[in-house]
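Engineer: Let me see the structure of the following:
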Amino acid sequence: MNYYLVKSEPFKYSWQQFQKDKQTFWDGVRNYQARNNMKDMKRGDLVLFYHSNEGKEVVGIAKVVNEYYQDPTTTDDRWVVVDLSPVEELKNPVTLETIKSDELLKETALVKQSRLSVMPLKREEFDRIVELGS
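Structural biologist: Take a look at the predicted model:
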């Protein structure tokens with residue numbers, strides 16, 4: 001199993017909306033590195049849901065339910081989506097400030113490549129963020 005983090009601005013697509021929808025395709029990715037990360041996602045992989053810009057915090061856990069396919073919002077075949085579904089809301093959102101100050105997390109892609117919208121995590125990083133959120 002692999003672990004990832006995806007970002008969404010809450011005013012565009014929030015964790016609360018995601019929970020209501022029960023499943024969504026993750027679209028709008030227009031960065032090659034983020035796209036390649038989505039192409040690496042496999043069914044059952046776990047994904048942290050991060051509210052960017054507003055909140056700047058990890059708010060929940062999702063899972064990959066369908067692997068990548070053509071992004072239906074564009075005819076450009078370079079871009080793909082994956083289907084995600086929510087698993088669990090974190091009891092306590094984990095802020096970017098907390099992540100930056102945690103010894104185990106200060107080297108994560110979220111800190112080192114802050115503009116990347118879809119990023120892999122090491123299992124230890126994923127587990128630590130979940131622990132901080134419980």
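
Engineer: Just the buried residues of the helix or strand hosting Ser85, please?
Structural biologist: Ser85 belongs to strand 80-95 when elements are defined using DSSP states H and E. Under the neighbour-count criterion of 16 or more other C-beta atoms under 10 Å, strand 80-95 has Val80, Val81, Val82, Asp83, Leu84, Ser85, Pro86, Leu90, Pro93, Val94 buried. Where you see a C-beta, it was placed from the backbone N, CA and C, and this is true even at glycine.

Engineer: does Leu48 count as helix, strand or coil?
Structural biologist: strand (DSSP: H, G, I helix; E, B strand; the rest coil).

Engineer: Tell me the one among the buried residues of strand 80-95 nearest to Ser14.
Structural biologist: For these, the closest approach to Ser14 (C-beta to C-beta) belongs to Pro86, at 11.3 Å.

Engineer: partners of the closest one in the sheet?
Structural biologist: For Pro86, the beta-bridge partners are Ala62 (DSSP bridges).

Engineer: show me what contacts it?
Structural biologist: The neighbourhood of Pro86, defined by C-beta atoms under 8 Å, 6 or more residues apart in numbering, consists of Trp15, Phe18, Gln19, Lys22, Phe49, Gly60, Ile61, Ala62.

Engineer: Strands of this protein, start to end?
Structural biologist: If DSSP state E is used as the criterion, the strands of the chain fall at 3-8, 24-25, 46-51, 57-70, 80-95, 118-121.

Engineer: Show the average pLDDT along the strand holding Ser85.
Structural biologist: The average pLDDT for strand 80-95 rounds to 98.
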